[in-house]
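Provided below are the primary sequence and the corresponding predicted coordinates.
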Amino acid sequence: MIGFYAHHHGTGHLTRCREIAAAVDDDTTILSSAPGADLVLPMDAPAPGVTGAALDAHGAFHWTPAHHAGLAERMAQIAAWVAEHRPRAFHVDVSVEVAVLVRAMGVPVTVQAMPGVRDDAPHAVGYRAADAIIAAWPDRVELPEHLEPVTERVHAVGGISRFAGRVPAPAGDRERTGVVIVHGGGGTDQPAAYWDAVAESLPVPVTVIGPGAWVDDPFALLSAAEVVVTAAGQNSIADLAVLGARAVVVPQDRPFGEQEATARVVCEAGLAVVPESVPAVEEWAGLIERARELEPRWEQWGSTGAAQRAARIIEEVGR
């Protein structure tokens, strides 16, 4: 048995865990507060009025609100599951607190590296406790400075996509559908009205996928699009890589500068158009035209076989 913990924010952590778990040659269980997990845990948020040392244990952790029933119950459930199933390894995507708890119970732990500047004390503890650190980006990406002390345990496996193994139709066989805008899966800095205005401003057909207009399987829509507009989350970028898409990537405000870091790498590699700031509505026609002219070499993102490489690392830790 191999256990997985997926953070509940957005859909990306659970999706990535599912892709890796499917490639593991063993029984797996995904624990998360996100709907759809194999074991749904109690929520440990919000914690109104809890601040300072009562929230982060004097800076030792990111989120340990004192006297929070949900936190106590979720940690108790994780511990009970570990005690009952005795997993040979446990992958954490992402939580320093869960990684420390499971490792303290004697289970080898792997953790998911995340982009951005994560040089704080809790991250350092989580990385130090991990037997392996899985980075869902290609090994061509420069190692973040905060991971240098644990370089020998970092494994850059490439972008992990929910579309892995699926092949878009050859470009000449696709029925072009203009522009597809994807927003809101993990929260968005721009309101829906902004994206509606963008869609109305473009002289081509536009499909908007977001709150109130979700598509369970957008693969066909995305693979047929002339241009995809999306955020700079790791899963979104990995999806673009599998699709071989021409794209405009708009990084969203996330802790530790996560999406800004990913967008910077994507831009420097010439893989997508990345505006320096949120564009005005009237700027979008020009951005779409620039994206149409791209010839992105997405194979350098290493998405083919990425989930399988991650699975092998986790299995090896558990031997």
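Sure, I can see it. Numbers count the residues shown, from 1 in each chain.

Report the residue spans of this structure with pLDDT below the cut-off.
Within the chain, the ranges that satisfy pLDDT under 70 run 169-176, 185-187.

What residues does the residue of it most remote from its centre make contact with?
Within the chain, the residue lying farthest from the chain centre (CA atoms, centre = their mean) is P203, at 32.0 Å. If you count contacts by CB atoms under 8 Å, 6 or more residues apart in numbering, P203 has them with A285. Just so you know, the C-beta spots here come from the backbone N, C-alpha and C atoms, and that holds for glycine as well.

For my notes, confirm it occurs in a strand.
No: counting by DSSP: H, G, I helix; E, B strand; the rest coil, P203 falls outside a strand, being coil.

From E258, how far out is it?
34 Å (CB to CB, to the nearest Å).

In stretch 194-209, which residues are buried?
Of all the residues in stretch 194-209, those buried under the rule 16 or more other CB atoms under 10 Å are 194-195, 198-199, 202, 206-209.

For the stretch 151-300 of the chain, just list every one of the strands.
154-156, 179-182, 206-209, 227-230, 247-249 (DSSP state E, counting those that start in this stretch).

Turn the ones you listed into TSV, columns for distance to S95.
Output for those, formatted as TSV (distance: least, CB to CB, whole Å):
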stretch	distance to S95
strand 154-156	18
strand 179-182	26
strand 206-209	28
strand 227-230	25
strand 247-249	27
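
closest to I288 out of these?
Judged by CB to CB, the one of the strands of the stretch 151-300 of the chain that comes nearest to I288 is strand 227-230, at 5.2 Å.

and for that closest one, what are the contacting residues?
Strand 227-230 has contacts (CB under 8 Å, 6+ apart) with 178-183, 198, 222, 236, 239-240, 243, 245-250, 288, 291-292.

Each with direction, which strands does it pair with?
Using DSSP bridges, strand 227-230 pairs in its sheet with strand 179-182 (parallel), strand 247-249 (parallel).
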